[in-house]
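J.: Structure for the following, please:
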Amino acid sequence: MENTAKKPRGKRGQGCVYRPKGSRNWWIKFSVAGRIVQESANTESRREALDTLKGKILKYTNGEAVDCRNTTVESLKESMLAAWKLHGRGPHSIKWAKGCWKHLLAFFGNAKANSVSSQSVRDYMEKRKAQGASNASVNRELSILQRAFALGFEETPRRVTAKLYFERLPESKPRQGFIEEKTYRALAENCEGLYLRAMLALAYSFGFRKGELLNLKVGNVDLLARAVRLETSKNGEPRQVNLTDETRKLLSACVAGKAPAAFVSDSKEVVGEALARGCCSFCGCGCGCGFARAGPLAWLLAWPCLPHRFSAPRRPELDSLSRMPACFTSSMSARALW
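T.: Below is the predicted model:
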């Protein structure tokens, strides 16, 4: 039997091993950066406990140790958002991430990070799908959780034992097809109204998104430099495009006599009235959708399957752009249209 006589104290900072009263296993105890680490060595041998102690101290010294006993999913969320803000992520990205965390925390709550398993992830998928969430939404939310675990794993010392992996739910494939020059000219010929014609040209030439078109202001247009400058874009950075001859002529007419703060769309022409006229003669659907000869642009602006979502300030004169008839759910896609 191993000699259990009291041993002399080791040097300060080397930690110690001890066996609590009533326990068969030895425990280890040491200090790291002013914090006491105390845990079982899971062995009845003092020699093995000393080896465990030395190994633990070495891992903590090299930043390889993992102490996730007190790491919760919510603490990973706070760390991730703080890191995003520190590295200059845009406000839209932060807002989107917070929306994802709202659903994640409702399920995982204050659970410890080491309790998140593959089964708990599958349970989350089932719950969100039962709530009506799409596969794409569930995948995006779990990708946020996955990123939080990755950041925790990369910290020194590590806050989680491993990165999080999950099998993504199947998503529908991107729509195929692109608007060709011939199609664009057909749209332009049937587009009634100066503003609508200009927005159609911008959408086709530069791939402007719906929100960028609807909120384009006169101050964003520099006719002398032949450019349009947007203050922000999807990635949160400014964007500038050089105008073609066609778009420059159309915008020149749209912005004439307007203040820089005015919307390019502000004019005597009411867009909603133009969209209220019938246009089944253009699309040939015969459904009575009620889109005017100006409807092709509305087709572009309100395309229901666009990958880009936008929340713009409400503008009553453009409300009709958000109503899409069933005949416009064809297989064309974004730069397809954007």
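J.: Can you list the neighbours in contact with stretch 23-32?
T.: 13-20, 36-46, 48-49, 52-53, 56-57, 60, 65 (Cβ atoms under 8 Å, 6 or more residues apart in numbering). Glycine gets a C-beta too; all of them are placed from N, C-alpha and C.
J.: Any chance you could give me it in CSV, C-alpha atoms only?
T.: Presented in CSV, the C-alpha positions along stretch 23-32 are these (Å, rounded to 0.1, in the frame of the first residue of the first chain):
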residue,chain,number,x,y,z
SER,A,23,-12.8,10.6,0.2
ARG,A,24,-10.7,7.8,-1.5
ASN,A,25,-9.5,10.1,-4.3
TRP,A,26,-6.8,12.7,-4.1
TRP,A,27,-7.6,16.3,-5.1
ILE,A,28,-5.4,19.0,-6.6
LYS,A,29,-5.3,22.7,-5.7
PHE,A,30,-3.3,25.6,-7.3
SER,A,31,-3.6,29.3,-8.1
VAL,A,32,-3.7,30.9,-11.6
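J.: quick one, helices of the chain?
T.: 46-62, 73-86, 91-108, 118-130, 135-154, 181-189, 194-206, 210-214, 245-255, 271-275, 280-283, 295-301 (DSSP state H).
J.: Residue 243 versus residue 259, what's the distance?
T.: Residue 259 sits 20 Å away from residue 243, going by Cβ to Cβ, to the nearest Å.
J.: Between the two, tell me which one has more neighbours.
T.: For residue 259 versus residue 243, neighbours defined as other Cβ atoms under 10 Å are more numerous around residue 243 (22 against 10).
J.: quick one, what contacts the nearest residue to residue 252 once chain neighbours are set aside?
T.: Excluding its sequence neighbours, the residue lying closest to residue 252 (Cβ to Cβ, 6 or more residues apart in numbering) is residue 223, at 5.8 Å. Shown in contact with residue 223 (Cβ under 8 Å, 6+ apart): 243, 248, 251, 252, 255.
J.: and what of residue 202?
T.: Residues counted as contacts of residue 202 (Cβ under 8 Å, 6+ apart) are 208, 213, 216, 228, 247, 251.
J.: per-residue confidence for it?
T.: Looking at residue 202, its pLDDT reads 90.
J.: Then the one 3 residues further on?
T.: According to the model's per-residue confidence, residue 205 sits at a pLDDT of 89.
J.: Surely it is in contact with residue 244?
T.: Yes. Between residue 205 and residue 244 there is a contact at 5.6 Å, judged by Cβ atoms under 8 Å.
J.: circling back: from the contacts of stretch 23-32, which would you call buried?
T.: Taking 16 or more other Cβ atoms under 10 Å as the criterion, what is buried in the contacts of stretch 23-32 is 15, 17, 37, 41, 43, 46, 49, 52-53, 56-57, 60, 65.
J.: Confidence-wise, which of these comes last?
T.: pLDDT across the buried ones among the contacts of stretch 23-32 is lowest for residue 65, at 58.
J.: Touching, residue 100 and residue 148? I think so.
T.: No. The pair residue 100 / residue 148 is not scored as a contact, 10.1 Å apart, by Cβ under 8 Å.
J.: Now stretch 211-231 - C-alpha only, PDB.
T.: The C-alpha trace of stretch 211-231 is given here as PDB (Å, rounded to 0.1, in the frame of the first residue of the first chain):
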ATOM      1  CA  GLY A 211     -34.200  49.900 -50.000                       C
ATOM      2  CA  GLU A 212     -31.400  51.800 -51.800                       C
ATOM      3  CA  LEU A 213     -33.800  52.700 -54.600                       C
ATOM      4  CA  LEU A 214     -36.700  53.800 -52.400                       C
ATOM      5  CA  ASN A 215     -34.500  55.900 -50.200                       C
ATOM      6  CA  LEU A 216     -32.200  57.500 -52.800                       C
ATOM      7  CA  LYS A 217     -31.900  61.200 -52.100                       C
ATOM      8  CA  VAL A 218     -30.900  64.100 -54.400                       C
ATOM      9  CA  GLY A 219     -27.800  64.700 -52.200                       C
ATOM     10  CA  ASN A 220     -26.600  61.200 -53.100                       C
ATOM     11  CA  VAL A 221     -26.400  62.100 -56.800                       C
ATOM     12  CA  ASP A 222     -23.300  63.900 -58.100                       C
ATOM     13  CA  LEU A 223     -24.000  64.800 -61.700                       C
ATOM     14  CA  LEU A 224     -20.700  66.600 -62.200                       C
ATOM     15  CA  ALA A 225     -18.700  63.600 -61.000                       C
ATOM     16  CA  ARG A 226     -21.200  61.200 -62.800                       C
ATOM     17  CA  ALA A 227     -21.600  59.200 -59.600                       C
ATOM     18  CA  VAL A 228     -24.200  58.000 -57.000                       C
ATOM     19  CA  ARG A 229     -22.900  57.800 -53.500                       C
ATOM     20  CA  LEU A 230     -24.700  55.700 -50.900                       C
ATOM     21  CA  GLU A 231     -24.000  56.400 -47.300                       C
END
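J.: Before I go, just wanted to say thanks for your time.
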